[in-house]
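Engineer: Quick one, fold the following:
(2 chains)
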There are 2 protein chains.
Amino acid sequence: MAASTPSLDLTDDVTTLTARLCDIPSVSLEEAPLADAVEAALRALGRLEVTRIGNTVVARTELGRAERVVLAGHIDTVPLTSDPENLPTRRVAGPGGDVLWGRGTVDMKGGVAVTLRVAQQLAEPNRDVTYVFYEAEEIDSRYNGLLHVQEQAPELVEDADFAVLLEPTDARIEGGCKGTLRATVTTKGIASHSARPWKGHNAIHDAADVLARLVAYRPATREVDGLEFREALNAVGIQGGIAGNVIPDRCVVTVNYRYAPSLSESDAEAHVRGVFDGFDVEVHDNAGGARPGLHLPAARAFVESLGVPVEAKQGWTDVARFSAMGVPAVNFGPGDPNLAHMDDEQCPVEQYGACEAALLRWLG
Amino acid sequence: MAASTPSLDLTDDVTTLTARLCDIPSVSLEEAPLADAVEAALRALGRLEVTRIGNTVVARTELGRAERVVLAGHIDTVPLTSDPENLPTRRVAGPGGDVLWGRGTVDMKGGVAVTLRVAQQLAEPNRDVTYVFYEAEEIDSRYNGLLHVQEQAPELVEDADFAVLLEPTDARIEGGCKGTLRATVTTKGIASHSARPWKGHNAIHDAADVLARLVAYRPATREVDGLEFREALNAVGIQGGIAGNVIPDRCVVTVNYRYAPSLSESDAEAHVRGVFDGFDVEVHDNAGGARPGLHLPAARAFVESLGVPVEAKQGWTDVARFSAMGVPAVNFGPGDPNLAHMDDEQCPVEQYGACEAALLRWLG
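Structural biologist: Purely as a prediction, here's the structure:
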């Protein structure tokens, strides 16, 4: 490894370690220095089987325990968009306790720090643990490090009984996740000069019915494994028009359907096609959700051990990838998810300690 | 004038002269060589008062006639967009007679050639004539050569009793023109993650009502000075959306209202604001139409002399600028207006001769 590799001290307290991780910038596709540092620190512990795939690092205990769990988190962040940039981190005293400001403090280097602290402190956890630190979660899924593990070395992950993804949940347990489908609904007309529209046909006007159906749509709320998932169907984009004096011959409405994990991907597609029956519907991406699976023994033990609130995860997260590999998974991590990707990304340091303590209680 | 100025021979037959004019490319803002050639040819006739403003050339007879008329046309074209380019011109035999292919054969170097032929042949027309060859009609109106004459030397034009604009009309007379107003209708919402739309408000869904009003709208047809103008209100653009996972906080519908010349610009604005009552409406441009004025003596003489069909002009043209200067105006020129700006721009050569003959009949 190059002499310039930044180093990590896993014996730092969890807030110091979070700040250190954030101060090694790792915007998606630029994770190599941080991945190098994580790999080096884990190898230095001398008791983990470490595998590197791209900029993804997997480290496993091999203690022969009856149960194996995954602790996972992505090491990339979205870009630094604010001016001045929200880095380096600043620890600021507040009325409710100290707050750590900086890109990654919520999404999700706090969760990465918690995971590294657990790996450092628990030489002999009560369950075998597979630690996963993966690249490129924030961009197009073909770059996703967890997907690469699933494709290239699934045996590293799929023997687990349960997974905790340390995405920000405000230190609550969020079970499962909704699926997400994106489709375009296209209307086609005939272009003509806008002074003589009767020679053409206005495709934007035809989109009135598409929008009317969206306005009239009443989304379902479905209970799955005891948690309530609120569905949603929304236009997330609309585009039409050629020039200011031309009747447009095409209008494209992009819709996003967020659906309960009790629906399969094909159920979801059929539903959207039904809503827009009679229109030209093209599905562009469709990723099924994940059932919370909280009735399974490993998950129940986790919930009981932590004693924190349990809710449905409304967003899509990589728990769905674990679910697809046959590993039930939940989200549990420090930070308010509403601050993820925001210019004022920040996290009360108390949450880092609370998440660390909860995992040590469960695995210690 | 530079030695490289292309020259024109005004004694060429009208089709040959049209081809020559087209083969001197003059995309908007690049009209100088053609303007130089037109100016030189008119000065060489030795019997016209010639004025140059930018790349616009005005040439007047000063015969002390009781009546004065304008023959006007723009000398710019839209860009050459086809591959291969629709230039140089080609004269092609067809079942209905020869056809001249090339950029400008319709819009509107045929009309310019007709005008130059009239100027060359009629040393002593029965009415005084103001010939106007102007630049930059095809782009933003601030570049328009006729506007510059109106602003800088209105006396060159406003003493006329009647104007003929030789825009393509398939050699028919098209009287007046409709006005055109462009406005945006904007809806505003609150952005949120599309997995939790209940935390935001979808601006695209709010645009459903904007489109519904357009669909329900029934445009008027108004008779003005004996001609029927069909109005139209259309969406010509729609734009909304931030990202595939975000509830959009803004949607902008661009609408175009084409209105009869009996409505003033402020009538038109009030009408559009009324249609979209309750929405945020911003008017971006608004150019009133022109009444056909065919009841006026000079116009009636023109119509009677030509003996060709008379219709309402549905599009907006620079006849409205003449109208604003107090000069009633009509459109009359060779070429199918539906082929203007098209990659297959072409004109039956018979129309060039017919228009030339008609004007000579009127003024000779």
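
Engineer: make it CA atoms for all contacts and neighbour counts henceforth
Structural biologist: Fine.

Engineer: which residues touch the residue nearest to A:Gly110 when sequence neighbours are not counted?
Structural biologist: Leaving aside its sequence neighbours, A:Gly110 sits nearest to A:Thr18 (Cα to Cα, 6 or more residues apart in numbering or on different chains; 5.1 Å). Residues near A:Thr18 by Cα atoms under 8 Å, 6 or more residues apart in numbering or on different chains: A:Thr105, A:Lys109, A:Gly110, A:Val112, A:Ala113.

Engineer: The third one belongs to a strand?
Structural biologist: Spelled out, it's A:Gly110. No - when classified by DSSP: H, G, I helix; E, B strand; the rest coil, A:Gly110 is found to be helix rather than part of a strand.

Engineer: so where does A:Ile238 fall, helix or strand?
Structural biologist: Using DSSP states H and E, A:Ile238 sits within strand A:232-240.

Engineer: Dump that strand to CSV, keeping only the CA atoms.
Structural biologist: Extracted in CSV, the C-alpha atoms of strand A:232-240 (Å, rounded to 0.1, in the frame of the first residue of the first chain):
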residue,chain,number,x,y,z
ALA,A,232,-46.9,6.2,-3.0
LEU,A,233,-47.3,6.9,-6.8
ASN,A,234,-45.9,10.2,-8.0
ALA,A,235,-44.8,12.1,-11.0
VAL,A,236,-41.2,12.9,-10.5
GLY,A,237,-40.6,14.5,-13.9
ILE,A,238,-42.4,15.9,-16.9
GLN,A,239,-41.0,17.1,-20.2
GLY,A,240,-42.5,18.2,-23.4
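
Engineer: So is that strand next to chain B?
Structural biologist: Yes - using Cα under 8 Å from any Cα of the partner chain, we find that strand A:232-240 touches chain B at A:Ala232, A:Asn234, A:Ala235, A:Val236, A:Gly237, A:Ile238, A:Gln239, A:Gly240.

Engineer: Which residue is the nearest non-sequential neighbour of the residue of the stretch 251-364 of chain A found nearest chain B?
Structural biologist: As assessed by Cα to the nearest Cα, chain B sits closest to A:Gly315 within the stretch 251-364 of chain A, at 5.0 Å. For A:Gly315, ignoring the flanking residues on the chain, the nearest one in space by Cα to Cα, 6+ apart is B:Ala195 at 5.0 Å.

Engineer: Measure how buried the one you found is and give me the count.
Structural biologist: When neighbours are counted by other Cα atoms under 10 Å in any protein chain shown, B:Ala195 registers 27.

Engineer: go on, A:His295?
Structural biologist: Counted with other Cα under 10 Å, the neighbours of A:His295 add up to 11.

Engineer: can you check A:Pro309 too?
Structural biologist: Counted by other Cα under 10 Å, the residues lying close to A:Pro309 total 10.

Engineer: List the contacts of the residue lying closest to A:Pro261 once chain neighbours are set aside.
Structural biologist: Counting by Cα to Cα, 6+ apart, A:Pro261 lies nearest to A:Gly289, which is 4.5 Å off, once chain neighbours are set aside. Residues in contact with A:Gly289 (Cα under 8 Å, 6+ apart) are A:Gly176, A:Cys177, A:Lys178, A:Gly179, A:Thr180, A:Tyr259, A:Ala260, A:Pro261, A:Trp316, A:Ala320.

Engineer: in its sheet, what does the lowest-mean-pLDDT helix or strand in chain A sit against?
Structural biologist: The weakest-scoring helix or strand in chain A, judged by mean pLDDT, DSSP states H and E, is strand A:192-193 (a mean of 84). Next to strand A:192-193 in the sheet, as set by DSSP bridges, lie strand A:246-247 (antiparallel).

Engineer: quick revisit: and the residue nearest to A:Gly315, what does it touch?
Structural biologist: A:Lys178, A:Glu231, A:Ala232, A:Arg258, A:Gln314, A:Gly315, A:Trp316, B:Asn245.
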